[in-house]
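Peer 1: build me a model:
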Amino acid sequence: MSKHGRVLVAMSGGVDSSVTALMLHEQGYEVIGVTMKTWDYATAKPGKRITGCCDLDSINDARDMAVSRGFHHMIIDLREEFGGAIIGNFTREYMAGRTPNPCVLCNTFIKWEALLKRANMLDCELIATGHYANVREENGRYVVSKGADHDKDQSYVLWGLEQQNLARTRFPLGGFKKTEIREMALKSGFPNLAKKSDSYEICFIPDNDYRGFLKRKDPEAFEKLAHGKFVGTDGAALGEHDGYPFFTIGQRKGLGIALGAPMYVTEINPETNTVVLGRKEDLDKQTAWIRDPKFQKIAALDTELEAVTKVRYKDQGTPSTISMDGDRVRVDFHAKVAAIAPGQSAVFYDGDDVIGGGFIDREKSST
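Peer 2: Purely as a prediction, here's the structure:
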């Protein structure tokens, strides 16, 4: 019988999840490692280097780590669930003129649900991942907060986790810097693991070419979207593009049009296949509406609340006032914020704590 009980650890084969398993194993937990196969890398674009998590090499690395330390490891095939929930949503969001963040959906609807399902089957009291974040219980609620390494903090992608899931979740890396984790891997006898680079690409687009991915998913749709219109903020015609899904709010490079001065995507209109271009200052907004909100530190947003709101992963956050506006959250920023992209996540913070979050909506209610 283990000292602390049985824990199911998500192991991608990278340094973070591997050290998570090592730490818990050394602390006396009975560790069961699980690697989730979410994407068939054999279908990746030929000639491109695979850099995403959970490819065959990474799966083997996770298994070898478990074998070397004498704990169980298994692989679960989630390609069907992942394809419907994550890849399907990814393409639908771009076709709706929005910019999705598949990592948020994957954490909420795939990884945690899959982990807890297997944890129940294997009589594991807890699950653990290698996220740089923390979770604690306070006033009867489970609260996610930023990791000690703010450069690697991943609390932004965890706003959608439900209370009952957080109650069984552990983030062993939350109190450490990335450099410390690499040092732990080195001292534990895994020098190759310690040197592994981080993966920043979307796992199912390892070549980082999302335009090519979308075209391959539905070539006929994109044939129909050719010869879309670029217009200025005044409505004047500026040129043509190959389809509105290829653009995101705030984009400057890769527009395929030269106008003599830097221009940015300020609006996307899927109904007319139109992309609006403007100056940098045209990106500035002071209000945003957030759909499908969920809350962690509070049970509900029943009054105006002061919060720091992040509108993208690397955003430093902006002081704001948040309040309910029907079934959406209205965010009134205390300073102008550039390039607020529908489809991305907005996450509300109280200091380091996640109050909640949701998906940035278009100014008018979604249909």
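Peer 1: use CA for all of it now, contacts and neighbours both
Peer 2: Will do.
Peer 1: ramachandran coordinates for V135?
Peer 2: When quoted as degrees, to the nearest 10, the phi and psi of V135 stand at phi -140, psi 140.
Peer 1: what is the neighbour count of it?
Peer 2: Each residue near V135 was counted by other Cα atoms under 10 Å, and the total is 22.
Peer 1: equivalent analysis for the one 4 residues further on, please.
Peer 2: Using other Cα under 10 Å as the criterion, N139 is surrounded by 8 other residues.
Peer 1: now do the contacts for it.
Peer 2: With contacts defined as Cα atoms under 8 Å, 6 or more residues apart in numbering, N139 has no neighbours.
Peer 1: can you tell me which helices and strands the helix or strand where Q164 lies packs against?
Peer 2: For Q164, the element it lies in under DSSP states H and E is helix 163-166. If you count contacts as 3 or more Cα pairs under 8 Å, 6 or more residues apart in numbering; DSSP states H and E, helix 163-166 packs onto strand 141-146.
Peer 1: convert the strand it packs on to PDB, retaining C-alpha atoms only.
Peer 2: In PDB, the C-alpha atoms belonging to strand 141-146 read as follows (Å, rounded to 0.1, in the frame of the first residue of the first chain):
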ATOM      1  CA  ARG A 141     -14.400  26.300  -3.500                       C
ATOM      2  CA  TYR A 142     -11.400  25.100  -5.500                       C
ATOM      3  CA  VAL A 143      -9.400  27.900  -7.000                       C
ATOM      4  CA  VAL A 144      -6.700  27.800  -9.700                       C
ATOM      5  CA  SER A 145      -3.900  30.300  -9.400                       C
ATOM      6  CA  LYS A 146      -0.800  31.200 -11.300                       C
END
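Peer 1: neighbouring contacts of it?
Peer 2: Everything outside strand 141-146 that qualifies as a contact, by Cα under 8 Å, 6+ apart, is 132-137, 153-155, 158-159, 163, 166-167, 174, 296-298, 352-355.
Peer 1: at 10 Å instead, please
Peer 2: Residues outside strand 141-146 that contact it (Cα atoms under 10 Å, 6 or more residues apart in numbering) are 132-137, 152-156, 158-159, 161-169, 171, 174-175, 295-299, 349-356.
Peer 1: what subset of those residues is buried?
Peer 2: Neighbour-count burial within the contacts of strand 141-146 applies to 132-135, 152-156, 158-159, 161, 163, 165-169, 171, 174, 295-298, 349-350, 352-356; the criterion is 16 or more other Cα atoms under 10 Å.
Peer 1: and those, which of them are in strands?
Peer 2: Among the buried ones among the contacts of strand 141-146, DSSP state E puts 133-135, 169, 295, 349-350, 353-356 in strands.
Peer 1: dump those to CSV, plus distance to G278.
Peer 2: Below are these laid out as CSV (distance: Cα to Cα, whole Å):
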residue, distance to G278
A133, 37
N134, 40
V135, 42
T169, 45
F295, 35
Y349, 31
D350, 34
D353, 36
V354, 34
I355, 34
G356, 32
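Peer 1: between which two of the residues you listed is the distance greatest?
Peer 2: Farthest apart among these by Cα to Cα are T169 and D350. That separation is 21.0 Å.
Peer 1: got a pLDDT number for S2?
Peer 2: The predicted local distance difference test score for S2 is 61.
Peer 1: tell me where the stretch 201-350 of the chain has helices.
Peer 2: If DSSP state H, counting those that start in this stretch is used as the criterion, the helices of the stretch 201-350 of the chain fall at 210-217, 219-225.
Peer 1: closest one of the ones in strands among the buried ones among the contacts of strand 141-146 to V67?
Peer 2: Closest to V67 out of those is T169 (23.9 Å), distances taken as Cα to Cα.
Peer 1: ok, the closest one - contacts?
Peer 2: Contacts of T169 by Cα under 10 Å, 6+ apart are 7-9, 112, 116, 125-129, 134-136, 142, 163.
Peer 1: between these, which sits nearest A85?
Peer 2: For the contacts of T169, the residue nearest A85 by Cα to Cα is W112; the value is 13.5 Å.
Peer 1: what's near enough to touch E180?
Peer 2: 173, 186.
Peer 1: next one: the helix or strand hosting it to chain centre, how far?
Peer 2: Take DSSP H and E as the rule and E180 turns out to sit in helix 178-187. The chain centroid and the centroid of helix 178-187 are separated by 24 Å under Cα atoms, centre = their mean, to the nearest Å.
Peer 1: report pLDDT for the residue nearest to I257 when sequence neighbours are not counted.
Peer 2: Excluding its sequence neighbours, the residue lying closest to I257 (Cα to Cα, 6 or more residues apart in numbering) is G239, at 7.3 Å. Among the per-residue scores, G239 holds a pLDDT of 96.
Peer 1: tell me what G239 is bridged to.
Peer 2: For G239, the beta-bridge partners are F230 (DSSP bridges).
Peer 1: hmm, back to that, which of the contacts of T169 are buried? Put it as a ChimeraX command.
Peer 2: The following ChimeraX command selects only the buried members of the contacts of T169, with burial defined by 16+ other Cα under 10 Å:
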select :7,8,9,112,116,126,127,128,129,134,135,142,163
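Peer 1: in JSON lines: the helices of the stretch 201-350 of the chain, plus mean pLDDT and mean neighbour count.
Peer 2: Formatted as JSON lines, the entries for the helices of the stretch 201-350 of the chain read as follows, by pLDDT from 0 to 100; neighbours: other Cα atoms under 10 Å:
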{"stretch": "helix 210-217", "mean pLDDT": "91", "mean neighbour count": "15"}
{"stretch": "helix 219-225", "mean pLDDT": "91", "mean neighbour count": "14"}
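Peer 1: many thanks, we can stop here.
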